[in-house]
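A.B. asks: coords below, sequence missing:
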């Protein structure tokens, strides 16, 4: 029994006196700047003069101070009018915010809708903070209760009430059954 106790003390002595082993950190996996802020399931409220302009929901947010950009995964934005009424919505798989201009880019499977039944679908959309317009030079499809329009290049107010497609490739209108 004494030999077992002595062996235990020797084992502890040598185990405690050994040099600590540093873990190997693979620097090749860490490239460039790391995010200065990161959050999950975030809600960001944009206001102007105390009134809500938009509410952004995102599954994952990464803010980079040096690059002055914020990356978003799983994006949903609610836009509000002057009366604080939620009038339009936008969703996309990914997004990016230019932290200098506050312009927002919706990327991949972008869908925007308004309360009048207008639905916009595209691959990429930019919301310009300076004039609060949404624009793209990509292919877009607009469906409303009255028409379907497809084409390249698009500009609209953020409520999707006044929009222009610059290079129309398809257009169709629906007949109102009450007029027939």
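C.D. replies: Yep, that arrived. Note that the coordinates shown come from a computational prediction; the quantities given were computed from them, not determined experimentally. Residues are numbered from 1 along each chain as shown.
A.B. asks: drop to CA atoms for contacts and neighbour counts, all remaining ones
C.D. replies: Will do.
A.B. asks: All the helices of this protein, in order from the start?
C.D. replies: Here the chain has its helices, by DSSP state H, at 2-17.
A.B. asks: got any ranges where it has weak pLDDT?
C.D. replies: 1-31, 176-180 (pLDDT under 70).
A.B. asks: all strands of it, in order?
C.D. replies: Ranges of strands in the chain, per DSSP state E, are 37-48, 51-64, 69-80, 86-98, 104-114, 119-128, 133-143, 147-157, 163-173.
A.B. asks: Can you list the strands that the third one pairs with?
C.D. replies: With DSSP bridges as the test, strand 69-80 is paired with strand 51-64 (antiparallel), strand 86-98 (antiparallel).
A.B. asks: Mind telling me which residue is nearest the centre of the protein?
C.D. replies: residue 95 (3.2 Å; C-alpha atoms, centre = their mean).
A.B. asks: May I have the beta-bridge partners of it?
C.D. replies: residue 72, residue 106.
A.B. asks: got it, and residue 148?
C.D. replies: Under DSSP bridges, the beta-bridge partners of residue 148 are residue 143, residue 172.
A.B. asks: What distance do you get for it to residue 119?
C.D. replies: 10 Å (C-alpha to C-alpha, to the nearest Å).
A.B. asks: For stretch 136-150, measure first residue to last.
C.D. replies: 13 Å.
A.B. asks: Contacts for it next, please.
C.D. replies: Stretch 136-150 is contacted from outside by 116-126, 151-155, 165, 168-175, using C-alpha atoms under 8 Å, 6 or more residues apart in numbering.
A.B. asks: Generate a ChimeraX selection restricted to the buried entries among these.
C.D. replies: In ChimeraX syntax, the buried subset of those is picked out as below (16 or more other C-alpha atoms under 10 Å):
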select :118,119,120,121,122,123,124,125,126,151,152,153,154,155,165,168
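A.B. asks: gap between residue 67 and residue 76?
C.D. replies: Residue 67 is 23 Å from residue 76, by C-alpha to C-alpha.
A.B. asks: between these two, which one's more packed in?
C.D. replies: residue 76 (22 against 12; other C-alpha atoms under 10 Å).
A.B. asks: is the residue nearest to the more buried one when sequence neighbours are not counted in a bridge, and if so with what?
C.D. replies: Using C-alpha to C-alpha, 6 or more residues apart in numbering and skipping residues adjacent in sequence, the residue nearest residue 76 is residue 91, 4.4 Å away. Beta bridges link residue 91 to residue 76, residue 111 when assigned by DSSP bridges.
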